[in-house]
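1. What follows is a predicted structure for the sequence shown.
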Amino acid sequence: MSDIITERTDGILRVELNRPAQKNAMTASMYTTLADTFTVAAKDAAVRVVLLQGAGDAFCAGNDIGDFLKSPPGSGESPQSALMSALIAFEKPIVAAVQGAAIGGGTTMLTHCDFVYAGESAKFKLPFIDLALVPEFGSSFSIPARVGHLRAAEMFLLAAPFAAARAAELGLVTRVVPDAELFVTALETAQKLAAKPAGALRAGKRLIKQASIAQLRAAIVSENREFTVRKSSAEAREAFTAFLEKRPPNFARTASPVAAE
């Protein structure tokens, strides 16, 4: 079965991440499929709204580390950058339903959605720095813009995990609902949106986003440039080796950031 499942009903395109045994961790092929899905949906008049969800007990645990190490994104075109571009350009509403783990890209992807419903089981974390990397998906702009520098520092630099209620306080989710009501709640919102005038809906979203688009694109360029440096660093090698060996990393082994650069 496909790692990405799509189904269109009554103007709603349901997109499901479908690697439940791996907590829906993202592979390069999944990024490519999602990018193509959003690009095609943007041009399909029969699609009025997208409903994004994950199979099983998690939304998305971020990148599949094994797959990521085989083909890490760089400063040029990549499956990840293709999805970022597709999401930024997408003018139709995106409704997300989040249960369980939303880690790394599983959280930053949500900043491109218009409605995010979190089940009470949802757990968020941004572990980029812990992996000796940097934020992505434009989140170095979008998250501080929403929550302020101090809270963003706690989320990114400290990589402190936070629960659904805290995500709602920070303005990262629309509403927290019981897990049993999560998908029904998200579907009801998608149905309400699908019944609205499609042209006005797209124009409204376009106007809401217009002030931030240029800054978001600039942030992504900066993130990709820094990511290209970080992924080849001694720190990153230690972080990923430790992850695969299931041990705490020892960054005392690595050169200082000044010497490494």
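-> Looks like it came in fine. Residues are numbered from 1 along each chain as shown.

2. could you give me the average pLDDT of the helix or strand that Tyr117 is a member of?
-> Per DSSP states H and E: Tyr117 is located in strand 115-119. For strand 115-119, mean pLDDT is 98.

3. tell me the mean pLDDT for the helix or strand just after that strand?
-> The first helix or strand that comes after strand 115-119 along the chain, using DSSP H and E, is strand 123-125. Across strand 123-125, the average pLDDT comes to 98.

4. what comes into contact with whichever strand or helix holds Thr37?
-> For Thr37, the element it lies in under DSSP H and E is helix 28-43. Identification of contacts with helix 28-43 by CB atoms under 8 Å, 6 or more residues apart in numbering yields 2-4, 6, 13, 15, 17, 19, 47, 50, 67-68, 70-71, 78-80, 82-83, 85-87, 89-92. Heads up, the C-betas are built off the backbone N, CA and C, glycines and all.

5. Output that helix as CSV, restricted to C-alpha atoms.
-> The C-alpha atoms that make up helix 28-43 are tabulated as CSV, following Å, rounded to 0.1, in the frame of the first residue of the first chain:
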residue,chain,number,x,y,z
ALA,A,28,12.2,11.5,0.2
SER,A,29,9.6,9.7,-2.0
MET,A,30,6.9,10.8,0.4
TYR,A,31,8.0,14.4,0.1
THR,A,32,7.9,14.1,-3.7
THR,A,33,4.5,12.5,-3.7
LEU,A,34,3.1,15.1,-1.3
ALA,A,35,4.6,17.9,-3.4
ASP,A,36,3.0,16.5,-6.6
THR,A,37,-0.3,15.9,-4.8
PHE,A,38,-0.6,19.6,-3.7
THR,A,39,0.6,20.9,-7.1
VAL,A,40,-2.1,18.9,-8.9
ALA,A,41,-4.7,19.7,-6.3
ALA,A,42,-4.0,23.4,-6.7
LYS,A,43,-5.1,23.2,-10.4
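
6. Span of stretch 128-136 from start to end?
-> The straight-line separation of the ends of stretch 128-136 (CA to CA, to the nearest Å) is 9 Å.

7. what's next to that stretch, contact-wise?
-> With CB under 8 Å, 6+ apart as the criterion, stretch 128-136 contacts 80, 84, 104-105, 108, 126, 140, 143, 156-157, 159, 220, 223-224, 226-227, 230-231, 233, 235-236, 238-240, 243, 249, 251.

8. So what does the spatially closest residue to Pro72 that is not a sequence neighbour have for phi and psi?
-> Spatial nearest neighbour of Pro72, excluding adjacent residues (CB to CB, 6 or more residues apart in numbering): Lys231 at 5.0 Å. With angles defined as degrees, to the nearest 10, Lys231 sits at phi -70, psi -20.

9. quick one: Lys231 and Arg175, what's the gap?
-> Distance of Lys231 to Arg175, given as CB to CB, to the nearest Å: 36 Å.
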